[in-house]
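**Q** predicted model and sequence below, questions to follow.
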Amino acid sequence: MIPTPRFVQLDEDGYFMMDGLRVADAEIGRRWLASIEMHQGRAITQMEGLPVFIEAFDEPYMVLDLEAKEAGWHATMPYGHTEPVDLETLTLDEWDRFHGRTRRGIPFVLSRAAQARFFESLDEFDDDSIVAHGRRFEMKPWLNAYAESNLPDWWSGLYKGEEARWDQKGPAPALALLVPQLKLSRSRILVLGCGPGHDAA
């Protein structure tokens, strides 16, 4: 069971932010990046032995460089953290940015500079595929990588299985505090995207 979550931010360049300031200590940043794991679709790192949820600007990993080595492709992230990646996981978003996953399953996005260098290292590329070291990789659209979430049964299954991790099992705390103070008369309301309807109730 995960203790009461704390949160840490990753800025648009993939660096940790604490109290509005970028964490500059490379050893600490590298340790936090290396301990990132995915839990029910959320990125979590370890700080002082406690799990901390990551609020990433984009993806948990911002790749600053992607290069081929003897053991395969490796991504370099901020703080000098590196991890192996497989090009089969690459997808392309609507802004033509590459997204993928490390071999440990951590989502990443290439920085513009990393993407430019990556293109230079390719044998060839077009709108639908890339060729790296003689091997062709088809580029799937980024959101289609999670196409099961477009199916109604997928959402119903989350609620039936009580796996909807955004469901607080009650109304939003701020709403529960504010609504009684407003002394609103009873009326009909429509709450779009209400899920189980705690806020509406």
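**A** Structure's in. What do you need?
**Q** please report phi then psi for Leu92.
**A** Main-chain dihedrals, Leu92, degrees, to the nearest 10: phi -120, psi 130.
**Q** where's it relative to Phe119, distance?
**A** 12 Å (Cβ to Cβ, to the nearest Å). Any C-beta I mention is one placed from the backbone N, CA and C, and that applies to glycine too.
**Q** ok, now Pro180?
**A** For Pro180, the distance to Phe119 - Cβ to Cβ - is 58 Å.
**Q** who has more neighbours, these two?
**A** The neighbour count for Pro180 versus Phe119, taken as other Cβ atoms under 10 Å, is higher for Phe119 (12 against 9).
**Q** go ahead and confirm the more buried one touches Val131.
**A** No: at 11.5 Å, Phe119 and Val131 do not qualify as touching, with contact defined as Cβ atoms under 8 Å.
**Q** can you list residues touching both of these two?
**A** When contacts are counted by Cβ atoms under 8 Å, 6 or more residues apart in numbering, Phe119 and Val131 have Phe125 as shared neighbours.
**Q** what's the neighbour count on Ala43?
**A** By other Cβ under 10 Å, the residues close to Ala43 number 20.
**Q** what's in contact with the helix or strand hosting it?
**A** Element membership for Ala43 (DSSP states H and E) is strand 42-47. Strand 42-47 has contacts (Cβ under 8 Å, 6+ apart) with 2, 6, 8, 32-33, 35-38, 51-54, 56, 60, 106-107, 165.
**Q** pull out the buried residues from those residues.
**A** Listed as buried from those are 8, 32-33, 36, 51-52, 54, 56, 60, 106-107; burial here means 16 or more other Cβ atoms under 10 Å.
**Q** quick one: the residue nearest in space to the middle of the chain and Ile36, what's the gap?
**A** Closest residue to the average C-alpha location of the chain: Glu59 at 3.9 Å, with Cα atoms, centre = their mean. Distance of Glu59 to Ile36, given as Cβ to Cβ: 11 Å.
**Q** also Leu92?
**A** 23 Å.
**Q** need the helix or strand of the chain with the lowest average pLDDT.
**A** The weakest-scoring helix or strand in the chain, judged by mean pLDDT, DSSP states H and E, is helix 152-160 (a mean of 72).
**Q** helices of the chain, residue ranges please.
**A** 26-34, 112-121, 152-160, 173-182 (DSSP state H).
**Q** nearest to Glu67, of the ones you listed?
**A** The minimum distance between Glu67 and those falls on helix 112-121, with 7.1 Å, by Cβ to Cβ.
**Q** give the buried residues for that closest one.
**A** Within helix 112-121, the residues scored as buried using 16+ other Cβ under 10 Å are 114-115, 118.
**Q** the closest residue to Gly134 other than its chain neighbours: neighbouring residues, count only.
**A** Among residues not flanking Gly134 along the chain, Asp123 sits closest, at 6.5 Å (Cβ to Cβ, 6 or more residues apart in numbering). By the criterion of other Cβ under 10 Å, Asp123 has 11 neighbours.
**Q** low pLDDT regions in this protein?
**A** By pLDDT under 70, the low-scoring segments of the chain are 1-5, 143-150, 158-159, 162-167.
**Q** Leu50 pairs with what?
**A** With beta bridges defined as DSSP bridges, Leu50 has these partners: Met47.
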